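>>> Structure of the sequence below:
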Amino acid sequence: MPTTSAPDVDLTAVVAEQPDPLLFATVSGAHLYGFPSRDSDVDLRGVHLLPVADLIGLREPEETRTRMWDRDGTEMDLVTHDLRKFVRLMLRRNGYVLEQLTSPLVVHTTEAHAELRSLVPDVLTAHHAHHYRGFAATQWRLHEKSGELKPLLYTYRALLTGIHLMRSGEIQAHLPTLAEAVPEAPARLPGLVAAKALAEHAAAEVPAAEVRAEVERLGGVLDDAQARSALPGEAAGFAALDDLVVRVRRELAEG
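From the prediction side, this is the model:
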C-alpha cells in the first residue's frame, strides 16, 4: 500500500523554537495527502500548552499561533492551537484537526498526544460528512475558477476521505491509499497525482465534463455512505477530553 511521504527538511529545530511546550507537531497538507510537488510548502500543525496565568489573566490568550516563513529555501506554514481550543475543535466535527492529530508524519509527540489520538473514535460522528462535503465544494469552485490541478485533487481527496470515514470509522487523508480503498475512486487519480508532483500550480489536463460527472457522482456516494453509516449522531468523548485538558494543564502548573 502507498505510504505518506515526509518533507525533505529537518523540523526538529522548528519545534524547539516554540515559546510554549508542544504536545505534538505533525505534517499536514499535500505531504499528508500524498500529492506533494517539488515546490510544495511544509504545513506543520500541532498543539501548544499555555501556562495557567495566560488563561486567567486580563490579556487575551494566544490560543492560535500562525506563522509563515522561508527556512533554507522551503516555505514553512506553522499553525498551533492551545490544547483547550484544539479539543473544542475536535468536538465540533472538525475533520482538519483530526487529520492533523492522526497524521503519520510525526515531528514531535508526547503521552498527551497518544491519549488524544486514542480518543478520536469517541468524537467521530456521521455528521463529519458535512465537513468533507463542504470542503470539497469549496475546492471544486476554486478548480473551476483557476483550472488548476491542485484544487481538483483536494476535491477528490475530501470526498474520498468522507466516504471512507462514513464506511470504516477511520480517518484516512492519503489520496493514493484512498484510491485503492474506495471502489468508486476514479481511475484517473494516479495519473493526476503524478502530474501534481511536477509542479505545485500545474493546470488540470482533464476532460471537464467527465471530471464534473465524477465529482457529482462521488458526492452522491458520500450522501449514501452517510445515510448508511454506523457512526453515531453525537460525540461521546466530552468527559474524557475535559479530564485530559484539566489534568495536562495541572501537571504543567505543578511543574
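>>> need the contact list for residue 115.
Contact analysis of residue 115 by C-beta atoms under 8 Å, 6 or more residues apart in numbering lists residue 244. (Each C-beta comes from the backbone N, C-alpha and C, glycine too.)
>>> Report whether it is found in a helix, as I expect.
Yes - counting by DSSP: H, G, I helix; E, B strand; the rest coil, residue 115 is part of a helix.
>>> tell me the domain ranges of the protein?
12-123+235-254, 128-228 (automatic domain parsing).
>>> Quote the end-to-end distance of the shortest one.
The separation between the terminal residues of domain 128-228, taken as C-alpha to C-alpha, to the nearest Å, is 14 Å.
>>> Relative to the whole chain's centre, how far out is that domain?
On the basis of C-alpha atoms, centre = their mean, to the nearest Å, domain 128-228 sits 14 Å off its chain's mean C-alpha point.
>>> cool, the first one as well?
In terms of C-alpha atoms, centre = their mean, the centre of domain 12-123+235-254 is set 11 Å apart from its chain centre.
>>> Do me a favour and get the end-to-end distance for that domain?
Start-to-end span of domain 12-123+235-254 (C-alpha to C-alpha) is 26 Å.
>>> ok so residue 160 is a helix residue?
Yes - using three-state DSSP, the assignment for residue 160 is a helix.
>>> Spatially nearest residue to it (excluding sequence neighbours)?
Residue nearest to residue 160 in three dimensions, not counting chain neighbours: residue 178, with 4.0 Å by C-beta to C-beta, 6 or more residues apart in numbering.
>>> just checking, that neighbour touches residue 157?
Yes - contact status for residue 178 versus residue 157: in contact at 7.0 Å, counting by C-beta atoms under 8 Å.
>>> These two: who's more crowded?
residue 157 (27 against 22; other C-beta atoms under 10 Å).
>>> The more buried one contacts residue 176, correct?
No - checked against C-beta under 8 Å, the pair residue 157 and residue 176 is beyond contact range at 10.1 Å.
>>> joint contacts of these two?
Common neighbours of residue 157 and residue 176, counting by C-beta under 8 Å, 6+ apart, are residue 35.
>>> and the residue nearest to residue 160, what are its phi and psi?
phi -60, psi -40 (degrees, to the nearest 10).
>>> what do you get for residue 173?
Dihedral angles (degrees, to the nearest 10) for residue 173: phi -110, psi 0.
>>> these two touch, right, it and residue 157?
Yes - when contacts are counted by C-beta under 8 Å, residue 173 is listed as touching residue 157 (7.0 Å).
>>> so what sits against both of these two?
Common neighbours of residue 173 and residue 157 (C-beta under 8 Å, 6+ apart) are residue 33.
>>> Let me see the ranges of the strands in the stretch 51-200 of the chain.
Under the criterion DSSP state E, counting those that start in this stretch, strands of the stretch 51-200 of the chain are mapped to 64-71, 74-82, 106-108.
>>> before we move on, the earlier item: now do the contacts for the residue nearest to residue 160.
Residue 178 neighbours (C-beta under 8 Å, 6+ apart): 157, 160, 161, 164, 172, 185.
>>> what's near enough to touch the third one?
Right, the one you point to is residue 161. Residue 161 touches 95, 99, 132, 171, 172, 173, 178, counting by C-beta under 8 Å, 6+ apart.
>>> go on, the first one?
The contact partners of residue 157, by C-beta under 8 Å, 6+ apart, come to 33, 35, 173, 175, 178.
>>> Considering the residues you listed, which is situated nearest to residue 199?
Closest approach between these and residue 199, by C-beta to C-beta: residue 35, at 11.6 Å.
>>> Look at the closest one and give its secondary structure.
coil.
>>> How many neighbouring residues does it have?
Residue 35, neighbours per other C-beta under 10 Å, totals 26.
>>> Next one: it, what pLDDT does it get?
In this model, residue 35 is scored at 95, pLDDT.
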